[in-house]
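Enquirer: any chance you can model this:
(2 chains)
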Amino acid sequence: MRDKTRENVAGYLFILPNLLGFAAFILFPMVFSFVLIFTDWDYLKGMSGFSFAGLGNIVKLGEDPIVWRSLLHNVVFSLTSVPVALGLGLLLAVILNRFVYLKTAIRTMIFLPYMSSIVAISVVWRVLYNPSQGPVNSVLKALGVDHPPGWLSSPDWSLAGIILMTIWTYIGYAMILYMAGIQGISKDLYEASEIDGASGLKSFLHITVPMLKPTTFLTAVTLIISSFQVFASVQVMTNGGPMRSSSVLALYIYEQAFELRNMSYGATVSWLLFLFIFVVTLVQWRSQRSWQDQF
Amino acid sequence: MKRRLTLSLSSVLLTSVLLSGCGGNNGNTAGGPDKAPQQSAKASGESKTVTLKWWGGVPEENGPKAVADRWNAENTDIKVEYVRFVNDDPGNVKLETALLSNTDAPDLFVNYADAHLERRIKAGMVEPLEALIKSSGFDLEGIIGSENITKVDGTIYNLPGSRDVKFVAFNKASLDAIGESIPEPGWTWDDYAALAGKLTKEGQYGAFFTPTWEPIAFDVLNSAQPKDAYYAADGTSNFGHEAFRKGLELQKKLIEGKKVMPYAEGVANKAQPQDELLNGRTASTYTSAYFVRYIKDDTAYPNREYQIAFAPMPQWTAGGNINNTKLNDMTSINAKSPNKEAAMKFLSWFLTEGNTEMLPGGRIPSSKKADVAQVAEAVMGDRAQYFDKDSFVKLLNTEYTNTEITQTAGLTEMRKAFMEEAEKYFMDAQDLDTTVETIKQRADEAIAAAK
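Expert: Residues are numbered from 1 along each chain as shown, chains lettered A, B, ... in the order given. You can find the predicted model right below:
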């Protein structure tokens, strides 16, 4: 019994550093931001700046059209960037697995954007997207497009411009995971199907794709979560504009908290974002369970 | 799957250990300065050495370092240490967080916006300065003049370190090419728009508006009502004013006539006046004193074969002399500082003579006693070849009526409403009447909410 206690103490001591860090940097801020929802906090007055606000922030949230518009942008952003990145990533992974020339070099090149600083990338893409002098529109004009889009300066194209860039960074991530996944598929399956006379396309559709389901699931979950949190690229490239056409929730939270100093309202919006990601992830877990039943 | 789980778990563990390691370190460094003030307080009891922390937004190498060095060489009992914060939203939050803390807090800090100053005063962070001015013997009337200071509820909470001037900077060669002379003080906004039209040619716009600033309507409004431009006499917002409407129209016409860069392009590319004017892409720009720093920079803007000429701000009524600036770099003393007398002593010296060290960085001293010719020489320094000296001296020599701000209710929200709605107007998403109405309505709401 005494040994058991000693062991327990030792165990707790081992996790103590982690636990302290977790409490100070994650648990406390989370609880604090939740409390903020029901208050009106003037942070300049420190801890004496609290006043109880009831459900005022939540009511305001419901009536704030910009919140819902930003959320819609978030949804569009995730629903386009993630599937496209997954599809292209899978395609590249399969191609790179088959055709081995310069595999490492090409793989590195495609993965590079994912490793680079998103701020640096965004600055470069902002220059590329320059409507009058940028290379993107120069190429489009050379190809015979008379009125190329205004990209970041156009309310109709700004979000699309950011999504395109995001896809470009996500592809490398999806590709690497898929390549690892493909190497885990037993060669026996392919050999057996070849004997049965399956074509390359058929074995791709009926062996590679189903066997990669766990990889797809993992990649989709992580990419969706990170795409919902998109902030830096939007802030650098358009700051949500023009006319809020590329505003997303994370940017709106920042705007409320640090430009208008509504810490409490910012916290309320951030809990909305959390709830949304939470529900989406929950749905994904559920659906994953039904996938696994097939195996 | 299991292996991946173990892997990810252990990496989570590793990360958190690393994180908490950092946390521990933070604790240590936070403990460091915690002890330091006590030590220095103790030391001040014995050897009387005080270290003042002076927070400002100017990069250290553009003047503050020279100021601190000169002070520290002349004074042994009070040391000054400059801390730079970037004057943007996160930077101001950083300053305020530092002011909130009891350790390592700034003794002196610079406010760059009235809304910021007011917010800090309300939070009790700013020391009223009347008593300190008296006890330090600072010659307020002789050097700055109390009428030039922004007061809040009749109390002085800041002393301005520099004088800002708004002006129109021209590419002199472009003016010469169309046979126009530099506009004289007292020229109007109509003259301005007409000249912008004349200056426009293939590859060069006639004028430039900085997209991150308020649209020019703000300055037009200011030139019509220099005192509390955002507020009407009845306490509501002033966006119904004729000058405001006219300013919006002026900018829209220049955009539509392609006399300035398309609005959206400026915003998307974060276009800067220095890049446009000093690379010859625009013939003029509306800007302010900080701009001279770039005129002098021939590393970033080499091969210039033209001078920059200066004209004061255009006027609402011809012959007027209103400048949309006020004394700037509003320096305050932290209400919690243990070294207020020492801080005031430094501030008094800074305002009397120390701020001349900021001249090469383009900051004109707030002192009434500053000699304009000398100031001009010091600002231009060894790069005088890029300046049209006559118009520069003339610009500095003009006696302006400065803008005055005594009300700040809802200022941040009003500015935001103004910029958002004007953007819709400039991008053809909303007509002028709706724009003016919406701004007025949002601004009135903001004022009501703040009261």
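Enquirer: right, and A:Ile121 touches A:Gly172 too?
Expert: No. With contacts counted by C-beta atoms under 8 Å, A:Ile121 stays clear of A:Gly172, the gap being 11.8 Å. Where you see a C-beta, it was placed from the backbone N, CA and C, and this is true even at glycine.
Enquirer: what's the neighbour count on residue 283?
Expert: Because you didn't say which chain, this covers chain A. As a burial measure, A:Val283 scores 10 neighbours (other C-beta atoms under 10 Å in any protein chain shown).
Enquirer: that's the wrong chain, I wanted chain B
Expert: Other residues near B:Ala283 come to 29 when the count uses other C-beta under 10 Å.
Enquirer: isn't it up against B:Tyr205?
Expert: Yes. Shown here, B:Ala283 and B:Tyr205 form a contact pair, counting by C-beta under 8 Å, at 7.0 Å.
Enquirer: and the residue of the stretch 51-200 of chain A closest to chain B?
Expert: Taking C-beta to the nearest C-beta, chain B has its nearest neighbour within the stretch 51-200 of chain A at A:Ser153, 3.5 Å off.
Enquirer: doesn't B:Glu127 make contact with B:Ala335?
Expert: Yes. Contact between B:Ala335 and B:Glu127 holds when scored by C-beta under 8 Å: they sit 4.5 Å apart.
Enquirer: and those two? which has more neighbours close in?
Expert: Taking other C-beta under 10 Å, B:Ala335 and B:Glu127 do not tie; B:Glu127 has more neighbours (21 against 16).
Enquirer: so what sits against both of A:Ile121 and A:Gly172?
Expert: Counting by C-beta atoms under 8 Å, 6 or more residues apart in numbering or on different chains, the shared contacts of A:Ile121 and A:Gly172 are A:Pro113.
Enquirer: pull the longest helix from chain A.
Expert: helix A:65-98 (DSSP state H).
Enquirer: number of residues surrounding the residue of the stretch 51-200 of chain A closest to chain B?
Expert: A:Ser153 has 25 neighbours, counted by other C-beta under 10 Å.
Enquirer: how close does it sit to B:Pro262?
Expert: According to C-beta to C-beta, to the nearest Å, A:Ser153 stands 7 Å off from B:Pro262.
Enquirer: one more: B:Gly137?
Expert: For B:Gly137, the distance to B:Pro262 equals 56 Å [C-beta to C-beta].
Enquirer: where do the strands of chain B begin and end?
Expert: Secondary structure of chain B (DSSP state E): strands located at B:50-56, B:78-84, B:108-111, B:151-152, B:155-156, B:159-163, B:166-171, B:284-288, B:308-312, B:322-323, B:327-333, B:364-365, B:401-402.
Enquirer: output these in CSV; the columns should cover distance to chain A and mean pLDDT.
Expert: Shown next, in CSV, are the strands of chain B (distance: least, C-beta to the nearest C-beta, whole Å; pLDDT from 0 to 100):
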stretch, distance to chain A, mean pLDDT
strand B:50-56, 16, 94
strand B:78-84, 19, 95
strand B:108-111, 13, 96
strand B:151-152, 15, 84
strand B:155-156, 18, 92
strand B:159-163, 22, 93
strand B:166-171, 20, 95
strand B:284-288, 19, 94
strand B:308-312, 24, 95
strand B:322-323, 28, 87
strand B:327-333, 14, 93
strand B:364-365, 29, 90
strand B:401-402, 27, 84
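Enquirer: okay, the ones you listed in a markdown table with distance to B:Ile295 and mean neighbour count next?
Expert: Below are those laid out as a markdown table (distance: least, C-beta to C-beta, whole Å; neighbours: other C-beta atoms under 10 Å in any protein chain shown):
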| stretch | distance to B:Ile295 | mean neighbour count |
| --- | --- | --- |
| strand B:50-56 | 22 | 22 |
| strand B:78-84 | 23 | 18 |
| strand B:108-111 | 24 | 26 |
| strand B:151-152 | 34 | 16 |
| strand B:155-156 | 34 | 14 |
| strand B:159-163 | 17 | 25 |
| strand B:166-171 | 8 | 24 |
| strand B:284-288 | 10 | 23 |
| strand B:308-312 | 5 | 24 |
| strand B:322-323 | 19 | 24 |
| strand B:327-333 | 19 | 24 |
| strand B:364-365 | 14 | 26 |
| strand B:401-402 | 23 | 16 |
